[in-house]
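A.B. asks: next one to model:
(one chain, ligands or ions: 2)
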Amino acid sequence: MKAKPAVPGYDGPRKTALESIRLFCIGCMGGSFALVSECPSVGCAFHAYRSGVIEAGASRRLLKIIRAYCDGCALGGDVAGCKAGKIYLDLSPCPIWPFRSGRSPYYSAEAREQRRARAISLFGSATQEADSGPGFHGNATTGTTGHPAASGR
Ligand code: SF4
Ligand code: SF4
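C.D. replies: Ligands and ions are numbered 1, 2, ... in the order given. All right, here's what the predicted structure looks like:
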C-alpha cells in the first residue's frame, strides 16, 4: 500500500526544519557529507545549520530563514507555487519544500500559537523551536537529497 504523503503535494518524508536544511545541504553538495562540513559559502543562509545543529549565535527562527531562502530561489518570487515538492524524473523532492512559506505544515494555527506562547514563556521571545518529528540519521541514501534551485518546473 502506498504510504500517505507527509504533506499533500510533497513526495519526501516528514522531517523537522533543521533536518530538512541538513538534507538540502547534502543535496547541494552532491551527497557528500564532507563537502557540506567544508562548505565555504559562509554567506549562504543555511551555512550555520548545514551540519544539523544550530551554530552558536545563529538565529533559531528556522522557518523564517527557509522562507527567505525560498524567496531568493523561486521563479518570479512565487514561493507558494513552487512545484519542487514532487519527484521529477531523477530528482528528489526539495527537502525544505514543506516549510517554504515560513510555516510548519505539521501544526495547526492553534498548535503554532501554543508553541509560540510556550517559547515566549521559556525564552522571553517567540524564537523558533525545533519541531519534533522523526529523527535524522544522516544518511543521504535513505532520506531525500536536496536540489537547491529547482523551482518552477
Ligand atoms: S545550501 Fe548553502 S550552506 Fe548548504 S551546502 Fe549549499 S552553499 Fe553550503
Ligand atoms: S526549489 Fe526548494 S528552495 Fe527553491 S523555492 Fe522551491 S522549496 Fe524553496
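
A.B. asks: contacts only, for residue 121.
C.D. replies: Neighbour list for residue 121: empty [criterion: Cβ atoms under 8 Å, 6 or more residues apart in numbering]. In short, each C-beta sits where N, CA and C put it, glycine included.

A.B. asks: ok but it is inside a strand, no?
C.D. replies: No - counting by DSSP: H, G, I helix; E, B strand; the rest coil, residue 121 is located in no strand; its state is helix.

A.B. asks: show me where this structure has helices.
C.D. replies: Per DSSP state H, the chain carries helices over the ranges 17-28, 33-37, 62-73, 109-123.

A.B. asks: what comes up buried for the shortest one?
C.D. replies: This points to helix 33-37. residue 36 (16 or more other Cβ atoms under 10 Å).

A.B. asks: please name every helix or strand in contact with that helix.
C.D. replies: helix 17-28 (3 or more Cβ pairs under 8 Å, 6 or more residues apart in numbering; DSSP states H and E).

A.B. asks: any idea how far the helix it packs on is from the middle of the chain?
C.D. replies: The chain centroid and the centroid of helix 17-28 are separated by 6 Å, computed with Cα atoms, centre = their mean, to the nearest Å.
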